[in-house]
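Chemist: Prediction below, plus the sequence it came from.
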Amino acid sequence: MAERKTVSRQRARNILNTAAKRTVLVTGDAMLDQFLWGDVSRISPEAPVPVVEFQRESFMPGGAANVARNLTALNCPAKMHSVVGRDDAAKKLRALLNADNVDCTKLLTDASRQTSCKMRIIAQRQQVVRVDRESKANLEPRLAKRLLKSIDTSLARSKAIVIGDYGKGVVTQEFLNKLKVLAQRHGTWLSLDPKPVHSLDLRDLSLITPNRKEAFELASISDTTYNANPLKDRKLMRVARQLLGELELKVLLITLGELGMLVCQPGHKPFHIPTVAREVFDVSGAGDTVIGSFTLAIAAGTDPIEAAIVANHAAGVVVGKLGTATVTPKELLASF
């Protein structure tokens, strides 16, 4: 008989109440998300492209910074450890993080870097194009050393770390190796959302949260099968076993879009959690919501299945919003 587990609304409330007394550190690539909103009513005479009539502009924290604001939106204290440039994008990002109650006193500045900024042009609730302005060079060794030292100092008062790696130069193999050592020394949970295009040794992490495509790429296995029941998808099960064994993870959480999530742990059968999303408008930043809410729940003392159920509900709420959004405690609890 298949394993069953649920989380009641009261249990979810207790998890959030406990998480409010914990601090989660967030490191990696902090970015600024810019949105240009407008309408399209005609095609340009200059080229076969739509003409977007500008209406308004908005900014939100992106990348690892979006993970941090997802944590504070659920009343979990978050401390941002990253590096940004000395530019307008960095000023906007700091102001937004402060407004979201994210502690960004450990956000370092490097005048030689450009703060990563992703500009999305949206018309009729659809993304038309995205423009990226960023630096991808690895951090200078002195900056990486300063960043690790500040993380080490903060770990005395933290239960978990989330690494937001988007391939923008903050998370190198050397940085990750030293972060693993620090986490092991302090007994701290270490979560990372992997990007296969940025090849890193992911062994000995507590959690990774790839989507299906990323999981297959990490395992170097071609994805040629599909089953509406992930537990009967033989290739997916093979990928899960391989990644768990090779990477020596505590938890492998594979997000499956409309099919929900697959939770895999050593010595346990894979556990499938169906999606609770009622409608999907935008998946931008949904992965940040998943890893943030899962790690928040772990910091609150839950087991991985409970943490994944909480993360699944959080993602189900956030994909029903436009842009890199967050979920509030009230919205999350209402979904249970």
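Modeler: Thanks, I have it.
Chemist: so for stretch 154-170, what's the average pLDDT?
Modeler: For stretch 154-170, mean pLDDT is 93.
Chemist: Please compute how far it lies from its chain's middle.
Modeler: Computed by Cα atoms, centre = their mean, to the nearest Å, the chain-centroid distance of stretch 154-170 equals 11 Å.
Chemist: All the helices of this structure, in order from the start?
Modeler: With DSSP state H, the ranges of helices along the chain come out as 9-19, 64-73, 88-99, 141-154, 173-186, 212-219, 234-247, 286-299, 304-318, 329-334.
Chemist: Distance to Asp29 and mean neighbour count added to these, as a markdown table?
Modeler: Using the backbone N, CA and C atoms, a C-beta is placed for each residue, glycine as well. A markdown table is the format used below for these (distance: least, Cβ to Cβ, whole Å; neighbours: other Cβ atoms under 10 Å):
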| stretch | distance to Asp29 | mean neighbour count |
| --- | --- | --- |
| helix 9-19 | 24 | 17 |
| helix 64-73 | 5 | 29 |
| helix 88-99 | 12 | 17 |
| helix 141-154 | 12 | 16 |
| helix 173-186 | 11 | 16 |
| helix 212-219 | 16 | 20 |
| helix 234-247 | 21 | 17 |
| helix 286-299 | 11 | 28 |
| helix 304-318 | 20 | 24 |
| helix 329-334 | 26 | 15 |
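Chemist: Adding distance to Leu107, write those helices out as JSON lines.
Modeler: Output for these, formatted as JSON lines (distance: least, Cβ to Cβ, whole Å):
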{"stretch": "helix 9-19", "distance to Leu107": "22"}
{"stretch": "helix 64-73", "distance to Leu107": "9"}
{"stretch": "helix 88-99", "distance to Leu107": "7"}
{"stretch": "helix 141-154", "distance to Leu107": "10"}
{"stretch": "helix 173-186", "distance to Leu107": "16"}
{"stretch": "helix 212-219", "distance to Leu107": "27"}
{"stretch": "helix 234-247", "distance to Leu107": "30"}
{"stretch": "helix 286-299", "distance to Leu107": "17"}
{"stretch": "helix 304-318", "distance to Leu107": "24"}
{"stretch": "helix 329-334", "distance to Leu107": "26"}
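Chemist: Check the nearest residue to Ala314 once chain neighbours are set aside and give its pLDDT.
Modeler: Nearest in space to Ala314, with sequence neighbours left out and distances taken as Cβ to Cβ, 6 or more residues apart in numbering, is Ser293 at 4.0 Å. Looking at Ser293, its pLDDT stands at 97.
Chemist: I figured Ser293 hits Ala73, correct?
Modeler: No. Contact between Ser293 and Ala73 fails when scored by Cβ atoms under 8 Å: they sit 9.6 Å apart.
Chemist: which residues do these two both contact?
Modeler: Each of Val327 lies in contact with both Ser293 and Ala73 under the rule Cβ atoms under 8 Å, 6 or more residues apart in numbering.
Chemist: Please put the alpha-carbon coordinates of stretch 306-319 into PDB.
Modeler: Provided in PDB are the C-alpha atoms of stretch 306-319 (Å, rounded to 0.1, in the frame of the first residue of the first chain):
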ATOM      1  CA  GLU A 306       6.100  17.600   5.800                       C
ATOM      2  CA  ALA A 307       8.500  20.200   4.500                       C
ATOM      3  CA  ALA A 308       7.800  19.100   0.900                       C
ATOM      4  CA  ILE A 309       4.100  19.300   1.500                       C
ATOM      5  CA  VAL A 310       4.400  22.800   2.800                       C
ATOM      6  CA  ALA A 311       6.600  23.800  -0.200                       C
ATOM      7  CA  ASN A 312       4.100  22.200  -2.600                       C
ATOM      8  CA  HIS A 313       1.300  24.300  -1.100                       C
ATOM      9  CA  ALA A 314       3.400  27.500  -1.200                       C
ATOM     10  CA  ALA A 315       4.300  26.900  -4.900                       C
ATOM     11  CA  GLY A 316       0.600  26.200  -5.600                       C
ATOM     12  CA  VAL A 317      -0.200  29.700  -4.400                       C
ATOM     13  CA  VAL A 318       2.600  31.600  -6.000                       C
ATOM     14  CA  VAL A 319       2.200  30.200  -9.500                       C
END
